[in-house]
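Engineer: What would the 3D arrangement of this be:
(2 chains)
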Amino acid sequence: ETGVTQSPTHLIKTRGQQVTLRCSSQSGHNTVSWYQQALGQGPQFIFQYYREEENGRGNFPPRFSGLQFPNYSSELNVNALELDDSALYLCASSWGGARTNYGYTFGSGTRLTVV
Amino acid sequence: QQQVKQSPQSLIVQKGGISIINCAYENTAFDYFPWYQQFPGKGPALLIAIRPDVSEKKEGRFTISFNKSAKQFSLHIMDSQPGDSATYFCAASIQGGSEKLVFGKGTKLTVNP
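Structural biologist: Numbering: from 1, shown residues only, chains lettered A, B, ... in the order given. Here you go, the predicted structure:
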């Protein structure tokens, strides 16, 4: 059984640029959630994808967008990067969509630095 | 408004001691309360979780105590070990709801040998 895999592990971007982060869900999981973890803070919910559709969104602007693919993998896209977007971005997979807000398996994250 | 408040921010315990981390929540609709452990450079890993129909759950050295009337829950780590040194997060969510996992700000635990 494979866990959640995220790529890249680290990257540095310039303010105003766009970035795409990728996530492969754990085998058997069909739901992917994305979280932003600022330094010294708890993770904050960005959005969740289930059956390739957005299934809940946190308090993040529209420049944060995502996709889920038929194989349940997912992408997080952030446009017009701001310095405050610097954070660890975590992907979590689970099974069952909104009916089961538990059983999350987190990846190790992508550390994004915006300069 | 912070929906899940966690304390203390940091905690230092001697090996063999008891570590206690507390959380309080606002939303009475929350019905799932997990604790996550996070090591540097890693994502959070589920440690133990409880639902509001029980007041206590124990798994090995880890125990969750839950007080529904006070809207509080806590993690107790018995016989704390240096390998337990990590950041611990409490969280809450609603089954079948749009409220996904809401995390506390975390507690950095250091267990001295």
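
Engineer: quick one: the strands in the chain?
Structural biologist: By default, I'm working from chain A. Using DSSP state E, the strands of chain A run over A:5-7, A:10-13, A:19-24, A:31-37, A:44-50, A:53-57, A:64-68, A:74-78, A:87-94, A:105-106, A:110-114.

Engineer: switch to chain B, that's the one I care about
Structural biologist: For chain B, the strands defined by DSSP E occupy B:4-7, B:10-14, B:19-25, B:33-38, B:45-50, B:56-59, B:62-67, B:72-77, B:86-92, B:102-103, B:107-112.

Engineer: How many residues are close by residue 76?
Structural biologist: Going with chain A. 26 (other Cβ atoms under 10 Å in any protein chain shown). Every C-beta, even on glycine, is put in place using the N, C-alpha and C of the backbone.

Engineer: actually chain B
Structural biologist: Neighbours around residue B:76, by other Cβ under 10 Å: 16.

Engineer: and what of residue B:20?
Structural biologist: Residue B:20 has 15 nearby residues by other Cβ under 10 Å.

Engineer: That one pairs with what?
Structural biologist: residue B:76 (DSSP bridges).

Engineer: ok, now how distant is it from residue A:56?
Structural biologist: Residue B:20 sits 32 Å away from residue A:56, going by Cβ to Cβ, to the nearest Å.

Engineer: how about residue 15, what does it touch?
Structural biologist: Just going to use chain A. A:81-83, A:114-115 (Cβ atoms under 8 Å, 6 or more residues apart in numbering or on different chains).

Engineer: Not quite, go with chain B.
Structural biologist: By Cβ under 8 Å, 6+ apart, the neighbours of residue B:15 are B:80-82, B:111-113.

Engineer: now do 10 Å
Structural biologist: Contact analysis of residue B:15 by Cβ atoms under 10 Å, 6 or more residues apart in numbering or on different chains lists B:79-84, B:111-113.

Engineer: likewise residue A:83?
Structural biologist: Residues in contact with residue A:83 (Cβ under 10 Å, 6+ apart) are A:15, A:113-115.
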